[in-house]
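[1] My questions concern the predicted model and sequence given below.
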Amino acid sequence: MRPRERWRLHRGGVVNMWQYRDEEFDLSGGRVIFKGTNGSGKSRTLELLLPLCLDGDLRNMGCKGFDTVSMSRLMLDDYAEGSMRLGYAWIELRSVAADGAEEFVTCGVGVKASASSRQVSDSWRFLTPLRVNKDLALTEQDRPVSQARLRERIGEDAVFSGQDAFQQRVAATVYGISGGSRYADLLHLQRTLRNPDIGLKVLQGQLEQLLSDALPPVDPDVIARTAAGLDNLEGVRRNVARLRRADTALGEFLEGYRGYALGVLADRAAALQAAEAET
């Protein structure tokens with residue numbers, strides 16, 4: 001029996017976000033090509049799909065770095081259809097099981113933004129085997145469904161208010177990673193390598209720096225332990241020197257004590273022999 005295939009991008013979509021009303025993209029085979037002139041929105045569309053739908057981090061959408069894209073602006077700029085806007089971004093992953101059966105998993109993010117406060121008022125993430133526009137509708141009466149309605153459709157345990165719990169579920173379901181910081185490291189690598197200026201940096205001879213930036217950051221606890229170890233290095237050296245002097249002194253003492261012990265034993269043996277002779 002053949003092993004199960006890895007998960008691949010299959011479809012994606014945006015519902016009532018930015019300039020999209022309800023758009024679905026074909027990502028079959030894990031590849032897609034967006035064509036258009038500079039400024040037409042190709043990068044923005046990709047930012048609404050990846051890695052947003054895999055990490056649920058609204059402040060790390062921008063391909064140029066943290067907080068370079070505002071979700072509240074994407075939701076509210078040029079929007080005049082009400083005081084509140086609700087939208088979804090989602091991707092569908094496909095795999096083939098060992099028995100040849102297709103399997104699907106849908107990861108997505110829901111966002112509610114308030115026109116009065118000009119802020120995102122609520123957000124949630126979801127992961128489900130149900131397929132959008134196949135057996136799961138994200139719209140109802142031509143309007144995006146609420147978070148409560150989504151929970152009814154896919155189950156309470158499939159919807160996450162916080163991004164940490166969502167990332168843990170995605171890591172376990174899609175990548176087979178449980179616990180630790182491995183998934184965060186993977187996301188860091190993905191964000192670094194998706195920068196649109198990456199090709200220019202390679203041409204400028206900055207490949208070494210680029211690869212260094214793509215490596216996961218060192219755990220602060222590791223740095224702290226290493227720094228503490230270096231601070232204690234001189235103390236360790238002094239302790240080793242003291243132990244060596246103690247070992248030398250103990251060796252000299254044992255050498256003298258060995259002669260003393262032999263002398264005492266010889267005297268005792270002679271006294272015993274004399275006592276036995278007298279008897």
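    Right, received. Where do you want to start?
[2] okay, and for the stretch 1-150 of the chain, where does confidence drop off?
    By pLDDT under 70, the weakly predicted segments of the stretch 1-150 of the chain are 1-2.
[3] tell me the phi and psi of Ala274?
    Main-chain torsions, Ala274, degrees, to the nearest 10: phi -70, psi -40.
[4] And for it, the neighbour number?
    Neighbour count for Ala274, taken as other Cβ atoms under 10 Å: 9. For glycine as for every other residue, the C-beta is placed from the backbone atoms N, C-alpha and C.
[5] For the residue most central in space within the chain, give its distance to Leu93.
    Central residue of the chain (Cα atoms, centre = their mean): Ala184, 1.3 Å from the mean position. Distance of Ala184 to Leu93, given as Cβ to Cβ, to the nearest Å: 20 Å.
[6] And the strands in this structure?
    Using DSSP state E, the strands of the chain run over residues 8-17, 20-26, 84-96, 102-114, 119-128, 139-140, 143-144, 159-160.
[7] Just give the strands next to the last one in its sheet, each with its orientation.
    When you say that, I think you mean strand 159-160. Its sheet considered, strand 159-160 pairs with strand 119-128 (antiparallel) by DSSP bridges.
[8] which outside residues touch the strand it pairs with?
    Under the criterion Cβ atoms under 8 Å, 6 or more residues apart in numbering, residues 56, 58, 71-72, 75, 84, 105-114, 136, 147, 150, 154-155, 158-161, 163, 166, 169-170, 173 lie in contact with strand 119-128.
[9] returning to that earlier point: in JSON lines: the strands of the chain, plus mean neighbour count.
    Shown next, in JSON lines, are these (neighbours: other Cβ atoms under 10 Å):
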{"stretch": "strand 8-17", "mean neighbour count": "22"}
{"stretch": "strand 20-26", "mean neighbour count": "15"}
{"stretch": "strand 84-96", "mean neighbour count": "21"}
{"stretch": "strand 102-114", "mean neighbour count": "21"}
{"stretch": "strand 119-128", "mean neighbour count": "19"}
{"stretch": "strand 139-140", "mean neighbour count": "13"}
{"stretch": "strand 143-144", "mean neighbour count": "16"}
{"stretch": "strand 159-160", "mean neighbour count": "20"}
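[10] Can you check which of those strands gets nearest to Ser212?
    Among the strands of the chain, the nearest to Ser212 by Cβ to Cβ is strand 8-17 (27.8 Å).
[11] Can you list the strands that the closest one pairs with?
    Pairing partners of strand 8-17, with direction, according to DSSP bridges: strand 20-26 (antiparallel), strand 84-96 (antiparallel).
[12] how about JSON lines for these, with distance to Asp197 added?
    What follows is the strands paired with strand 8-17, written out as JSON lines (distance: least, Cβ to Cβ, whole Å):
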{"stretch": "strand 20-26", "distance to Asp197": "24"}
{"stretch": "strand 84-96", "distance to Asp197": "24"}
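[13] just so I know, which of these lies nearest Tyr257?
    Between Tyr257 and those, the tightest spacing by Cβ to Cβ is seen for strand 84-96, at 75.2 Å.
[14] mind listing what Val132 touches?
    Contacts of Val132 (Cβ under 8 Å, 6+ apart): 11, 13, 24, 90, 92, 106, 108, 138.
[15] For the first one, which non-adjacent residue is spatially closest?
    Going back to what we said before, that points to Arg11. What sits nearest to Arg11 in space, not counting adjacent residues and going by Cβ to Cβ, 6 or more residues apart in numbering, is Glu92, at 4.1 Å.
[16] shouldn't Leu210 be in contact with Gly199?
    No: between Leu210 and Gly199 no contact is recorded; they are 10.2 Å apart, counting by Cβ atoms under 8 Å.
[17] more crowded one of these two?
    Per other Cβ under 10 Å, whichever of Leu210 and Gly199 has more neighbours is Leu210, with 16 against 9.
[18] What distance do you get for the closest residue to Glu47 other than its chain neighbours to Glu252?
    Of all residues not flanking Glu47 in the chain, Met61 sits nearest, at 4.7 Å (Cβ to Cβ, 6+ apart). Taking Cβ to Cβ as the measure, Met61 falls 72 Å from Glu252.
[19] Check Ser212 too.
    Remark: distance between Ser212 and Glu252 (Cβ to Cβ) = 54 Å.
[20] Same question for Lys42.
    81 Å.
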